[in-house]
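In: got a sequence here, can you model it:
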Amino acid sequence: MIITKNSTTPEALRETFVITQSMFRVAAIQMASGPNVAANLQEAGRLIELAAASGARIIALPEYFAIMGMKDTDKVAAREREGEGPIQSFLSAQAKRHRCWIVGGSVPLACSNDEKVRNSCLVYDQEGRLVCRYDKIHLFGFEMGQERYSEERTIEPGNQVVTVESPYGRLGISVCYDLRFPELYRAMGDVDLILVPSAFTETTGKAHWDTLIRARAIENLAYVIAPAQGGYHVNGRETHGHTMIVDPWGVVLDRLPRGSGVVVAGVNPTYQQKIRKSLPALTHKTVRSW
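Out: Purely as a prediction, here's the structure:
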């Protein structure tokens, strides 16, 4: 099932036409989160402040921005119910304070299984209202040498493709491991911006991150905003970083290899429309049985 949220009023729809005819800025935040939720929120707030000061209208946080626990079950202990809890209150307050859209990387939300969570990307508008929720569909599993990851042990997968209409175009929401499944993005339809908050391991990120991010931009002729975890974590994990923003031609507009910081770039809807007119691949999509 594809869920498309429309949070716009008639007045906002008129405003949308004006906004999307000109450039605007977006920002992706990179962190190296730890096990303390309050400390992570404080750092996220500092970075959001920097992003907002740059004029960014959409600010995206990485996956697990609020908690990278000492063990996988720590995020289960920190889970919140939708609409309640310090992580969600923080995201709403930041969006309202800075009058921008905030993409809350991923938040551990309660589910039907008390031993698991939904790994949920929450999007808030400039009024601080929750306008869409996407539950990560594809759960990461990896074994190589001493590295072993199995998200299915603590995460319940989502089952809905989610897009949301915004004053800045149609946003397609995904999280990390989803990046390896191009059919998810095809199912979104024609989206203007793709969000991919992530926490790629250094091993997989070094090999595949750049290629996958640029491929999703090129094949969907969309801007891709990819905030990431980047660095060494208290729990011993190393994440790849390389937070980036990529344009519809696959050009990396800005990136941050390691450490905490903010990546900012301009989105040009007119440029995107020209590319889609010159290379109308989205109109050539077919469903075939080979």
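In: got any ranges where the stretch 1-150 of the chain has weak pLDDT?
Out: Along the stretch 1-150 of the chain, segments meeting pLDDT under 70 span 1-2, 5-21.
In: where along it do the strands fall?
Out: 2-6, 24-30, 56-60, 101-110, 117-124, 130-135, 141-144, 147-150 (DSSP state E, counting those that start in this stretch).
In: so can I have TSV of these showing mean neighbour count and distance to N40?
Out: In short, each C-beta sits where N, CA and C put it, glycine included. Rendered in TSV, the data for these read as follows (neighbours: other C-beta atoms under 10 Å; distance: least, C-beta to C-beta, whole Å):
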stretch	mean neighbour count	distance to N40
strand 2-6	14	27
strand 24-30	26	11
strand 56-60	26	16
strand 101-110	26	11
strand 117-124	25	15
strand 130-135	22	20
strand 141-144	11	24
strand 147-150	13	20
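In: among those, which is nearest A78?
Out: A78 sits nearest to strand 101-110 of all the strands of the stretch 1-150 of the chain, at 5.7 Å, using C-beta to C-beta.
In: packing partners of that closest one?
Out: Contacts defined by 3 or more C-beta pairs under 8 Å, 6 or more residues apart in numbering; DSSP states H and E place strand 101-110 against strand 56-60, helix 86-98, strand 117-124.
In: now do the buried residues in the second one.
Out: By neighbour count, with 16 or more other C-beta atoms under 10 Å as the criterion, the buried positions of helix 86-98 are 87-88, 90-92, 94-96, 98.
In: return the closest of the residues you listed with respect to I29.
Out: Once C-beta to C-beta is applied, the member of the buried residues of helix 86-98 that ends up nearest I29 is Q94, at 11.0 Å.
In: which residues does that closest one contact?
Out: Contact analysis of Q94 by C-beta atoms under 8 Å, 6 or more residues apart in numbering lists 44-45, 48, 102, 124.
In: pretty sure R79 is touching A110, no?
Out: Yes: taking C-beta atoms under 8 Å as the definition, R79 is a contact partner of A110 at 4.9 Å.
In: mutual contacts of these two, please.
Out: With C-beta under 8 Å, 6+ apart, R79 and A110 have common neighbours V117.
In: of all the helices and strands packed on strand 101-110, which one is nearest D178?
Out: It is, among the helices and strands packed on strand 101-110 and with distance given as C-beta to C-beta, strand 117-124, at 9.8 Å.
In: quick one on the thing from earlier: and the contacts of Q94, which two are furthest apart?
Out: Largest pairwise distance in the contacts of Q94, by C-beta to C-beta, is 14.1 Å, between G45 and Y124.
In: ok so, going back, compare the helices and strands packed on strand 101-110 and give me the one nearest V162.
Out: strand 117-124 (8.2 Å).
In: and the closest one with strand 130-135, angle?
Out: For strand 117-124 against strand 130-135, the angle by axes from the mean of the first three to the mean of the last three C-alpha atoms, to 10 degrees is 150 degrees.
In: got the buried residues for stretch 230-249?
Out: So, applying 16+ other C-beta under 10 Å, buried residues of stretch 230-249: 230-231, 233, 237-248.
In: likewise for stretch 177-184?
Out: Buried, per 16+ other C-beta under 10 Å, within stretch 177-184: 177-179, 184.
In: list the contacts of stretch 83-93.
Out: Residues contacting stretch 83-93 (C-beta under 8 Å, 6+ apart): 37-38, 41, 44-45, 66, 78, 80, 82, 102, 104, 107, 122, 124, 128-130.
In: one more time with 10 Å
Out: Applying C-beta atoms under 10 Å, 6 or more residues apart in numbering, the contact partners of stretch 83-93 are 37-38, 40-42, 44-45, 48, 61, 65-67, 78-82, 102-110, 120, 122-125, 127-130.
In: could I get it in PDB with only the CA atoms?
Out: In PDB, the C-alpha atoms belonging to stretch 83-93 read as follows (Å, rounded to 0.1, in the frame of the first residue of the first chain):
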ATOM      1  CA  GLY A  83       2.500  11.500  19.800                       C
ATOM      2  CA  GLU A  84       4.200  11.100  23.200                       C
ATOM      3  CA  GLY A  85       7.700  11.300  24.600                       C
ATOM      4  CA  PRO A  86      10.800  13.500  24.700                       C
ATOM      5  CA  ILE A  87      12.100  12.700  21.200                       C
ATOM      6  CA  GLN A  88       8.900  13.500  19.400                       C
ATOM      7  CA  SER A  89       8.400  16.700  21.600                       C
ATOM      8  CA  PHE A  90      11.900  17.800  20.600                       C
ATOM      9  CA  LEU A  91      11.300  17.300  16.900                       C
ATOM     10  CA  SER A  92       8.000  19.200  17.000                       C
ATOM     11  CA  ALA A  93       9.500  22.100  19.000                       C
END
